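Visitor: Here's my sequence, what's the structure:
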Amino acid sequence: MGIARPLRSAPREPTPLHSHALDNLQFIRDTMERATAFTAISGWGLVAVGLTALAAAVVAAGRARPVWLAIWLGEGLLAFLIAGGATIRKARASKAPLFSMPGKRFALSFSPPMLVGALLTAVLSVQGAYALLPGIWLLLYGTGIVTGGAFSIRVVPVMGMCFMALGGVALLAPVPWQAWVMAAGFGMLHVVFGVLIARRYGG
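Guide: From the prediction side, this is the model:
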């Protein structure tokens, strides 16, 4: 009687070569993106900025226009300090150079819309055209985020386009709606995208 031999299992089909190539290509793209992108943007810093903006929206609601402007200008300065400090902290924690080439390009692309916004704020406030400021602020801030985001992680330009869309809404919406649009933009968008960045890109 012959010895029973175990049946051979059917040979596994080899993984298609193009699957390996696609995986490798995706890995290379992600690596290059992190190497050439400004990744020190702090998600939790954006969350903090969003929360302070929501508080400013509540405090500024119903105030006289000069007082409203002063509150939002103070919020802008506070947001700059929070975001700047959080960015420096994240860069140090990840041992990434803050003033690398992507960081410099981000700053140079982000700054011109902010300078234009400061100039228009001064001119329009002198003329008493306060109703135009929320839309202009959101549009120019979103523009700066989009242009600077070209040298950052992928989600940043998306955030900028959302700000630009809300800026268009603010320019076309009735004046009583502008407080809600400001809260939705500088408040909620910062919180939502800040959490997304913190979870996906660390901190």
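Visitor: And the pLDDT at G203?
Guide: With respect to pLDDT, G203 has a value of 70.
Visitor: what about it, neighbour count?
Guide: Neighbour count for G203, taken as other C-beta atoms under 10 Å: 17. (C-beta placed from N, C-alpha, C; glycine too.)
Visitor: Equivalent analysis for L115, please.
Guide: 11.
Visitor: same check, this time on F163
Guide: Neighbours of F163 (other C-beta under 10 Å): 23.
Visitor: So that it lines up with my notes, have the first residue be 872 from now on.
Guide: Shifting the count to begin at 872 puts that one at F1034.
Visitor: Was I right to think it contacts G1013?
Guide: Yes - counting by C-beta atoms under 8 Å, F1034 touches G1013, with 3.0 Å between them.
Visitor: Look up the closest residue to the residue nearest the centre of the chain, ignoring the ones flanking it.
Guide: The centroid of the chain falls nearest to V1027 when counting by C-alpha atoms, centre = their mean (4.1 Å). Among residues not flanking V1027 along the chain, G1020 sits closest, at 3.4 Å (C-beta to C-beta, 6 or more residues apart in numbering).
Visitor: wait, doesn't that neighbour sit right on F1034?
Guide: No - under the criterion of C-beta under 8 Å, G1020 makes no contact with F1034, lying 10.8 Å away.
Visitor: Can you tell me how far Q998 is from T992?
Guide: From Q998 over to T992 the distance is 11 Å, taken as C-beta to C-beta, to the nearest Å.
Visitor: Name the residue in these two with the higher neighbour count.
Guide: Neighbour count, other C-beta under 10 Å: between Q998 and T992, T992 has more, with 20 against 9.
Visitor: For M972, see how far away the more buried one is.
Guide: In terms of C-beta to C-beta, T992 sits 31 Å off from M972.
Visitor: hang on, the earlier thing: what's the burial count for the residue nearest to V1027?
Guide: As a measure of burial, G1020 has 24 neighbours, counting by other C-beta under 10 Å.
Visitor: and it, what does it touch?
Guide: G1020 is in contact with F977, V1027, P1028, V1029, M1030, G1031, counting by C-beta atoms under 8 Å, 6 or more residues apart in numbering.
Visitor: For the fifth one, the count of nearby residues, please.
Guide: The reference is to M1030. Around M1030 there are 23 residues (other C-beta under 10 Å).
Visitor: for the chain, what are the low-confidence residue spans?
Guide: 872-911, 965-971 (pLDDT under 70).
Visitor: Can you show me the helices along it?
Guide: Per DSSP state H, the chain carries helices over the ranges 888-907, 914-931, 936-964, 972-998, 1004-1020, 1026-1043, 1049-1053, 1061-1072.
Visitor: Can you tell me which of those helices is most buried?
Guide: helix 1004-1020 (a mean of 23; mean count of other C-beta atoms under 10 Å).
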